[in-house]
Each structure stands twice: as C-alpha cells, then as structure tokens.
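K.L.:
let's see this in three dimensions:
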Amino acid sequence: MESTQATLRRTIKALSIFHEIHPTITVHAVMVLLMVAERPGITSKEIEPHLRITNSAIGRCIQLLSDLPGELGLITQRTSLVDRRFKHLHLTPAGEALVAKAMPYLRGVTKGGNQKEG
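P.N.:
Here you go, the predicted model:
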C-alpha cells in the first residue's frame with residue numbers, strides 16, 4: 001500500500017500539470033474536466049450532485065474549460081438531439097492529452113487519499 005506522503009506527492013504533481021495550462025485553474029474546474037473524461041457526454045446537471053457546488057459555479061468551470069475563443073479549449077459542448085436545453089460535454093483532443101498526462105499521478109487515488117488495494 002502506498003504511503004500517505006507518496007499519495008500526496010502524486011496528487012500535487014497531477015494538480016501542478018493542470019496549473020501549468022492555467023495558473024488560476026480551480027480544483028472544481030479540474031474535477032469537472034476529470035468527470036467529463038470519465039463520462040463523455042455528461043451534462044452539467046449530472047455533474048452537480050457529485051461536486052456539491054451550484055450549477056452556476058459548474059457553468060463557470062465549463063466556460064473556462066470550453067473551446068470557445070479565449071478559453072482553454074479542453075472540452076466541447078454538444079447540444080442534445082433529444083432536448084435542446086441540455087449540452088453534452090466531451091473532451092477535445094487537447095483535453096484528452098492533458099488528462100492522459102495527469103493520469104499516471106492520479107491512478108488509484110481514492111477519496112480517502114490512499115491507493116486502492118488490489
């Protein structure tokens with residue numbers, strides 16, 4: 001089992017990778033990005049219960065991460081074909097590359113901060 005110190009070092013390294021692309025990126029924005037990576041096509045409404053922040057805060061994270069001019073270009077929003085009120089979130093190639101770069105440091109880290117057994 002990995003020590004707490006080693007887990008913390010790996011987590012800090014992963015967060016520093018995200019910090020390199022935007023110096024003021026929030027942990028919530030990183031969490032939104034990782035949720036989109038885990039569940040391509042997820043909507044902001046589906047993200048809300050997991051992060052326990054307001055939908056407007058999630059919207060600000062999505063805006064920062066989006067492929068709109070002047071933003072980070074890590075996710076794209078596609079309007080639902082079933083209900084045009086919903087936008088499905090997907091990683092862009094840049095988002096996929098960033099998540100892939102951070103994943104070696106995030107693998108096996110649970111909410112408790114210890115590596116999964118097994």
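
K.L.:
can we go C-alpha only for contacts and neighbour counts from here?
P.N.:
Fine.

K.L.:
show the pLDDT at the residue most central in space within the chain.
P.N.:
Closest residue to the average C-alpha location of the chain: L33 at 2.0 Å, with C-alpha atoms, centre = their mean. Looking at L33, its pLDDT is 96.

K.L.:
and the helix or strand where it lies, what's buried?
P.N.:
Using DSSP states H and E, the element containing L33 is helix 27-38. For helix 27-38, a neighbour-count test (16 or more other C-alpha atoms under 10 Å) marks 28-37 as buried.

K.L.:
and the strands in the chain?
P.N.:
75-79, 87-91 (DSSP state E).

K.L.:
near L91, how many other residues are there?
P.N.:
26 (other C-alpha atoms under 10 Å).

K.L.:
dump the residue contacts of it.
P.N.:
33, 36-37, 40, 74-76 (C-alpha atoms under 8 Å, 6 or more residues apart in numbering).

K.L.:
dump those to a markdown table, plus distance to G95.
P.N.:
A markdown table is the format used below for the contacts of L91 (distance: C-alpha to C-alpha, whole Å):
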| residue | distance to G95 |
| --- | --- |
| L33 | 8 |
| V36 | 10 |
| A37 | 8 |
| P40 | 12 |
| L74 | 4 |
| I75 | 6 |
| T76 | 9 |
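
K.L.:
what is the nearest of these to M103?
P.N.:
Of all these, M103 sits closest to A37, with 10.7 Å by C-alpha to C-alpha.

K.L.:
distance of the residue nearest to P40 when sequence neighbours are not counted relative to T4?
P.N.:
Closest residue to P40 apart from its sequence neighbours, by C-alpha to C-alpha, 6 or more residues apart in numbering: H90 at 5.1 Å. Counting by C-alpha to C-alpha, to the nearest Å, the separation of H90 from T4 is 33 Å.
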